[in-house]
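Participant: Can you look at this prediction? I've put the sequence above it.
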Amino acid sequence: MLMKKWRKSLLPNEFLWRLTFVNIVVISSFIILSSWAIYHTACFLADGMSVMSPQKQNQFNITLFQYLWLLSVPTIFIGSFIHFYITKKMTQPLKDMIDSTKEMKEGQFPKRIEANSAGEIGQLIGHFNDLVQQLKDNEEHRKKLISDLSHEFRTPLTNINGYLKALENGVLEGDKELYRSLYLESKRLTSMLEQLDQLKEWDHISKQSFMQKEKTDIGVLIEQSVDMFQLLMAEKDMKASVQIEPQLVHVYVGGITQVISNLIDNAIRYYEGEGPIRIKGEVLNTEYRLSVSGPGLHIPDNERDKIFERMYRVDPSRSQETGGRGLGLAISKEIIGHHHGNIGLESNEYYHSFWFTLPISD
């Protein structure tokens, strides 16, 4: 215990100075021992030759000692300085990382750290920068999600509170139509909460990896999903063109059925124009591709990648009318990602095709 305390009090606190101190001790010890060996060897050899008088021998010893001393001291200082400079340059990213972690501890996101090498320290700094960027993206996404949720919940809650206040004050009289409006607003809130729970569930499934997959004919799943929307399409006077190839795939049936339903529901919900909704399932080499296409709202080029983000909607006002929450496509992206597939959008002005692919051999 006393030895540890003595060692801590002797060595500097900072890592760079500790490393430099140890290096100085090592260099000094090596040079002193080498000089000592050279000095005694030279003295021994000179003495053994017996060509010098004792006075000259003594003078030789003193001169050799002085030269070794004059050479050793500058070598120690120069070597220590070079070591300090190189070590400082190598460890500067680590010091920057320490400062960055302090900033993160205070709730701030630090700037990107520049790595001076491609070795282990460079890799460590690279991973640290990626981690900071990921945390920053997550924080921005969290703030946006909270803001969107606040906005989404505020409108129906305001409507419900307004109706209830009016009923309490006698401004309105309760009737069937009013109660239906309150019910629809309540159902709207419940629907949002259910979709958020689904997202949370899929996040949990992703982390725990306990998704139960099974071999099934995806063509049958598509046909069943299309049948579920036949009545709704008939009510809206819409037609569907369906072309499906059968294929066995290894999937989580409940999840893929939900994705298919989300894409068809999205095409119906935002249908605008003429022509049928085209649903096509086909085998492409080692993948199965399903596309749901139809006319709809214009989607700007810079918003096509964002359309699969949570709570994102191209036209919020239109989504309020159709009941869209900006969660269905986000859920679909999560599910397809867990199946090692891809999902995307192809758009041509007012005609859009949402698609996903699944590996056949997975």
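Facilitator: That came through fine.
Participant: Which helix or which strand is home to Met233?
Facilitator: helix 230-235 (DSSP states H and E).
Participant: Counting neighbours, which bits of the next helix or strand along the chain from that helix end up buried?
Facilitator: The element immediately downstream of helix 230-235 (helix or strand, assigned by DSSP H and E) is strand 240-244. By neighbour count on 16 or more other C-beta atoms under 10 Å, the buried set for strand 240-244 is Ala240, Ile244. All C-beta atoms are positioned from the backbone trio N, CA, C, and that covers glycine.
Participant: ok, the residue nearest the centre of the chain to Ile146 distance?
Facilitator: Centroid-nearest residue in the chain, with C-alpha atoms, centre = their mean: Gln134, separated by 4.2 Å. Distance of Gln134 to Ile146, given as C-beta to C-beta, to the nearest Å: 19 Å.
Participant: who are the neighbours in contact with Phe153?
Facilitator: Leu189, Met192 (C-beta atoms under 8 Å, 6 or more residues apart in numbering).
Participant: where's it, which helix or strand?
Facilitator: helix 120-169.
Participant: Quick check: the residue nearest to the centre of the chain vs Ile307, distance?
Facilitator: From Gln134 to Ile307 the distance is 22 Å (C-beta to C-beta).
Participant: how distant is the helix holding Phe153 from the center of its chain?
Facilitator: Mean-position distance between helix 120-169 and its chain equals 16 Å (C-alpha atoms, centre = their mean, to the nearest Å).
Participant: model confidence over that helix, on average?
Facilitator: Averaging pLDDT along helix 120-169 yields 76.
Participant: quick one: average pLDDT of stretch 223-243?
Facilitator: So the average pLDDT for stretch 223-243 ends up being 89.
Participant: contacting residues around that stretch?
Facilitator: By C-beta under 8 Å, 6+ apart, stretch 223-243 touches 222, 244, 257, 260-261, 264-265, 268, 271, 276-282.
Participant: which among those end up buried?
Facilitator: For the contacts of stretch 223-243, buried by 16+ other C-beta under 10 Å: 222, 244, 257, 260-261, 264-265, 268, 271, 277-281.
Participant: Out of the contacts of stretch 223-243, list just those in helices.
Facilitator: Ile222, Thr257, Ile260, Ser261, Ile264, Asp265, Ile268 (DSSP state H).
Participant: quick one: pLDDT of the third one?
Facilitator: Just to be clear, that refers to Ile260. Ile260 is given a pLDDT of 92.
Participant: before we move on, what about the fifth one?
Facilitator: The predicted structure scores Ile264 at 92 on the pLDDT scale.
Participant: Distance-wise, check it relative to Gly275.
Facilitator: From Ile264 to Gly275 the distance is 16 Å (C-beta to C-beta).
Participant: how about a markdown table for the ones in helices among the contacts of stretch 223-243, with distance to Glu235 added?
Facilitator: Shown next, in a markdown table, are those (distance: C-beta to C-beta, whole Å):
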| residue | distance to Glu235 |
| --- | --- |
| Ile222 | 21 |
| Thr257 | 22 |
| Ile260 | 20 |
| Ser261 | 17 |
| Ile264 | 15 |
| Asp265 | 14 |
| Ile268 | 10 |
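Participant: between those, which is nearest Leu182?
Facilitator: Asp265 (24.8 Å; C-beta to C-beta).
Participant: list the contacts for that closest one?
Facilitator: Contacts of Asp265 by C-beta under 8 Å, 6+ apart are Phe229, Gly328.
Participant: Please apply the same query to the one 3 residues further on.
Facilitator: Residues counted as contacts of Ile268 (C-beta under 8 Å, 6+ apart) are Phe229, Leu232, Met233, Lys236, Met238, Ile277.
Participant: Distance check, the first one against Ile264.
Facilitator: When distance is defined by C-beta to C-beta, Phe229 is 5 Å away from Ile264.
Participant: circling back: now the two most distant members of the ones in helices among the contacts of stretch 223-243.
Facilitator: Farthest pair in the ones in helices among the contacts of stretch 223-243, by C-beta to C-beta: Thr257 and Ile268, 16.4 Å.
Participant: Can you pull the phi and psi angles for Glu349?
Facilitator: phi 60, psi -100 (degrees, to the nearest 10).
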